[in-house]
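Peer 1: any chance you can model this:
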Amino acid sequence: MASAQTFSTIIFHTKPLIPMATRATIYVDGIDTVKVYKHWDGYPKATLPWLCAFNKAFTKERGDNPDYKFAQLLRSSAFDSVKYKLDASAHTGWGVVPINADMSEEHEYHLLADGTVKHFPVERHS
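Peer 2: Okay, the predicted model is just below:
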């Protein structure tokens, strides 16, 4: 006979897995009104490779051009979705939100004018 602990473990593992969001926001230096909202896979391992490659390449080609960088970042989220395993959904997962919007994000990324990216974990307190 299985113990109560073993039984509850078995029940837990037979439930369907429900994907949970790891929300993130992305700021572009020089844009002080809006930011990008990324609903899925916002943790650094999934997001930093894309953002670092994008910001480095953009800055090399265009320099410090925040408006254009913001627009190209949005395009990159679609064009590079397969390469970086980004959410390719046509109707959910991405947004442009006011800079001060609380999106319950767990991570913030800042694309700096020098082509680098800074990551800030967001601490939430109940």
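Peer 1: so what's the most centrally placed residue in the chain up against?
Peer 2: Geometric centre of the chain, nearest residue: Gly42, 3.4 Å, by C-alpha atoms, centre = their mean. Under the criterion of C-beta atoms under 8 Å, 6 or more residues apart in numbering, the contact list for Gly42 reads Ala21, Thr22, Arg23, Ala24, Glu105, Glu106, His107. Where you see a C-beta, it was placed from the backbone N, CA and C, and this is true even at glycine.
Peer 1: list buried residues within those.
Peer 2: The neighbour-count test (16 or more other C-beta atoms under 10 Å) marks Thr22, Arg23, Ala24, Glu105, Glu106, His107 as buried among these.
Peer 1: among those, which ones are in strands?
Peer 2: Ala24, His107 (DSSP state E).
Peer 1: what's the most distant pair in the buried ones among the contacts of Gly42?
Peer 2: Farthest-apart pair in the buried ones among the contacts of Gly42 is Thr22 and Glu105; separation 8.9 Å (C-beta to C-beta).
Peer 1: quick one on the thing from earlier: return the member of the buried ones among the contacts of Gly42 nearest to Ser81.
Peer 2: Ala24 (15.4 Å).
Peer 1: what's stretch 106-118 in contact with?
Peer 2: 22-30, 42-44, 47-48, 51-52, 54-56, 58-60, 64, 66, 69, 73, 119-122, 124.
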